[in-house]
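# Okay, sequence plus prediction incoming.
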Amino acid sequence: AQKVTQAQTEISVVEKEDVTLDCVYETRDTTYYLFWYKQPPSGELVFLIRRNSFDEQNEISGRYSWNFQKSTSSFNFTITASQVVDSAVYFCAADQGAQKLVFGQGTRLTINP
Amino acid sequence: DAGVIQSPRHEVTEMGQEVTLRCKPISGHNSLFWYRQTMMRGLELLIYFNNNVPIDDSGMPEDRFSAKMPNASFSTLKIQPSEPRDSAVYFCASSLSGRTDTQYFGPGTRLTVL
């Protein structure tokens, strides 16, 4: 069965620091999809990115970037020049299609002013 | 465009009462998902509909839980009778086509069973 591990339960940094959230997944399939979601204090789940297993290019969107490494089964998320508004719980998730979308336990990120 | 709409946003009820949660998916999306989020178990998929048909309900905890999707724009999740351990945030999500497509989540319903 697939599994997603976010080893960092909580991270706290000072504003403007860069921060990387780790995500390691387990899967037996060659075709799968990886996701990141953000859950701010207001509670909703906000989609950030979807990546398929055949696309190993890193992606950058503003201050956000994602590093996909199939060799280490990792899909890490970096926030550059963090801001207080980035404070949230971030979830990594994986889907093999035939199985459920499986979420990691989440990393609570606190950005202190 | 409107996102996924859920109602109510908050529900407080007493043990034994029936609870009905409602969801309107994004227009044009053919897949709908119900999730439950708790501190202990994180985010769990309860049931997945595709084209209004339940495809995977293996996550439904027990017979007290039921879900329906009578048409493409409406779904309900019912708990009868409710128990304190059902207290959680229930999310509805929809995707354009299937489970591997991006799922967009509603704001959630925070359920408290006293």
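In hand now; what should we look at?

# Might you report the residue contacts of the residue in chain B positioned nearest to chain A?
Using Cβ to the nearest Cβ, the single residue of chain B nearest to chain A is residue B:105, 3.9 Å away. For the C-beta atoms, the positions are set from N, CA and C on the backbone; glycine is no exception. Each residue near residue B:105 by Cβ atoms under 8 Å, 6 or more residues apart in numbering or on different chains is listed here: A:37, A:44, A:45, A:46, A:47, B:4, B:35, B:91, B:92, B:93.

# 6 Å instead, please
A:45, B:91, B:93 (Cβ atoms under 6 Å, 6 or more residues apart in numbering or on different chains).

# If it is in a bridge, with which residues?
Beta bridges link residue B:105 to residue B:93 when assigned by DSSP bridges.

# where exactly do the helices run in chain B?
Secondary structure of chain B (DSSP state H): no helices present.

# Get me the contact residues on it for chain A.
With Cβ under 6 Å from any Cβ of the partner chain as the criterion, chain B meets chain A at residues B:42, B:43, B:45, B:99, B:100, B:102, B:105, B:107, B:108.

# Number of residues surrounding the first one?
I take that to be residue B:42. 15 (other Cβ atoms under 10 Å in any protein chain shown).

# Same check on the second one?
In terms of burial, residue B:43 registers 22 neighbours under the definition other Cβ under 10 Å.

# Quick check: it touching residue B:36?
No: with contacts counted by Cβ atoms under 6 Å, residue B:43 stays clear of residue B:36, the gap being 7.6 Å.

# List the residues that contact residue A:108.
A:10, A:89.

# Show me what it is bridged to.
Where residue A:108 sits in a bridge, its partners, by DSSP bridges, are residue A:10, residue A:89.

# what's the answer for residue B:5, then?
The partner residues for residue B:5, given DSSP bridges, come to residue B:24.

# Surely it is in contact with residue B:24?
Yes: counting by Cβ under 6 Å, residue B:5 touches residue B:24, with 4.2 Å between them.
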